[in-house]
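J.: sequence first, predicted coordinates after that:
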Amino acid sequence: MKNTKKSSLYIIAEIGQAHDGSLGILYSYIDALASTGVDAVKFQMHIAEAESSEHEPFRVQFSLEDNTRFDYWKRMGFSLAQWKDIKQHCDAVGLDFICSPFSNLAVDWLEEIGVEQYKIGSGEVNNFLLLEKIAQTGKPIIVSSGMSSYDELDQTIAFLNERKVNFSILQCTTAYPTEPEQYGLNVIPELIKRYNVPVGFSDHSAKTASCIAATALGATILEFHVVFDRQLFGPDSKSSLTIKETKDLVLAVRNISVALAHPIDKNNNDDFAGLKQIFEKSLAVNKDLPKNHILTFDDLEAKKPKGYGIDASRFQEVIGKFLNKDLKQWDFLNEGDLTSKVLD
């Protein structure tokens, strides 16, 4: 997992199916994302004949031109040569190319393309045939845990550990769009503690707040879908961020990541010594007061800067003391102005 940015956070923007089978639209997304500050762009490699059949129905009938899900995958697919060009274009604009395979044949293609790491979608976490194929490549894997219980996830992690696979895990909720009560932000620290590997957040909320919160909770990988406009046709449009939102999110989460990497020692405020001298205050009197006057709370004011009178924090020590001289309104009050008894 490469990252040349100033924070330790790795940010993946997923094009997914937003291209709707058009190479022109796909390349437009790559170019637009290159200006947002993300680390990687993610794709899904669907080879219809290898992963599906004409018997696969639509879960939700959203396509106006495809009779079956199999027809949709056929229309959305690209050739191996086209995928090679896509990878080269990502390289040219400085974006890591990441792809989720959905068949063993797709893994073969991705190896020929030269992919450096794999993303496992939520529906493939327990597809041990596919995981075995990827494990044999020796490449790192990012596992999305969207539909997996801990029992299922434990089996997958054990499978990967047995094969000494370098992996990370993403908290994910398979709901499009994901509502706040479905984010599962609590799972992020649970995954960190349970598996002791890099943990991230795969988001489908179409909101920037969810990834910002995930970063604050310890996520070091963020993944989210992107779309030019949420009204565009496609299965993920309503659960995606726009390009503008992506730019805003990247700036926010990188700042949070840097902040988390630089914890503040609240016991040490040496850096504020100069400012404290300016902003903190000294005691003063708020009216003309004669010699031998007994000071009360109502006689006192606090004025900047510190050091020209008794510290304002010590006001209780001067109440009940006598003045040993006349003071004018707004004069600073110092130790030398006080006495514990009446003077002649």
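T.: Noted; the coordinates are in hand. Every value quoted in this text rests on a predicted model; they were computed, and no experiment measured them. Numbers count the residues shown, from 1 in each chain.
J.: which stretches in the stretch 1-150 of the chain count as strands?
T.: Taking DSSP state E, counting those that start in this stretch to define them, one finds strands in the stretch 1-150 of the chain at 10-14, 40-45, 96-101, 118-120, 141-144.
J.: closest one to Lys303 among those?
T.: Between Lys303 and the strands of the stretch 1-150 of the chain, the tightest spacing by CB to CB is seen for strand 10-14, at 49.5 Å. Every C-beta, even on glycine, is put in place using the N, C-alpha and C of the backbone.
J.: pull up the pairing partners for the closest one, direction included.
T.: Partners of strand 10-14 in the sheet, by DSSP bridges, are strand 40-45 (parallel), strand 221-225 (parallel).
J.: tell me which of the ones you listed sits most buried.
T.: Using mean count of other CB atoms under 10 Å, the stretch among those with the largest mean neighbour count is strand 221-225, at a mean of 25.
J.: quick one: it to strand 96-101, angle?
T.: Using axes from the mean of the first three to the mean of the last three CA atoms, to 10 degrees, the direction of strand 221-225 lies 70 degrees away from that of strand 96-101.
J.: mind listing the helices for this structure?
T.: Counting by DSSP state H, the chain has these helices, from start to end: 23-33, 48-51, 69-76, 80-92, 104-113, 128-135, 150-162, 187-195, 208-216, 243-260, 273-279, 315-318.
J.: flag the shaky bits of the stretch 51-200 of the chain, pLDDT-wise.
T.: Across the stretch 51-200 of the chain, the ranges flagged by pLDDT under 70 are 59-62.
J.: again but with the stretch 201-344 of the chain, I slipped
T.: Along the stretch 201-344 of the chain, segments meeting pLDDT under 70 are nowhere present.
J.: if we can go back for a sec, in JSON lines: the strands paired with strand 10-14, plus distance to Lys74.
T.: What follows is these, written out as JSON lines (distance: least, CB to CB, whole Å):
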{"stretch": "strand 40-45", "distance to Lys74": "13"}
{"stretch": "strand 221-225", "distance to Lys74": "22"}
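J.: closest to Asp91 out of the ones you listed?
T.: Shortest separation from Asp91 across the strands paired with strand 10-14 is recorded for strand 40-45, at 10.9 Å, computed as CB to CB.
J.: and the closest one, C-alpha only, in CSV?
T.: Included here for strand 40-45 are C-alpha records, laid out as CSV according to Å, rounded to 0.1, in the frame of the first residue of the first chain:
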residue,chain,number,x,y,z
ALA,A,40,-5.7,5.5,-5.2
VAL,A,41,-8.6,4.9,-7.6
LYS,A,42,-10.5,1.6,-7.3
PHE,A,43,-12.3,-0.4,-10.0
GLN,A,44,-14.3,-3.6,-10.1
MET,A,45,-13.2,-6.2,-12.7
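J.: mean confidence score for it?
T.: Along strand 40-45, the predicted local confidence has a mean pLDDT of 97.
J.: what angle do it and helix 80-92 make?
T.: Computed by the same axes, to 10 degrees, the angle between strand 40-45 and helix 80-92 is 170 degrees.
J.: domain map for this structure?
T.: What automatic domain parsing lists as the domains of the chain is 10-260, 270-339.
J.: ok, back up a step: now render the strands of the stretch 1-150 of the chain as a markdown table, adding distance to Asp229.
T.: Output for those, formatted as a markdown table (distance: least, CB to CB, whole Å):
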| stretch | distance to Asp229 |
| --- | --- |
| strand 10-14 | 15 |
| strand 40-45 | 18 |
| strand 96-101 | 24 |
| strand 118-120 | 25 |
| strand 141-144 | 25 |
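J.: of those strands, which is nearest Ile157?
T.: Comparison of the strands of the stretch 1-150 of the chain against Ile157 by CB to CB identifies strand 141-144 as nearest, at 8.1 Å.
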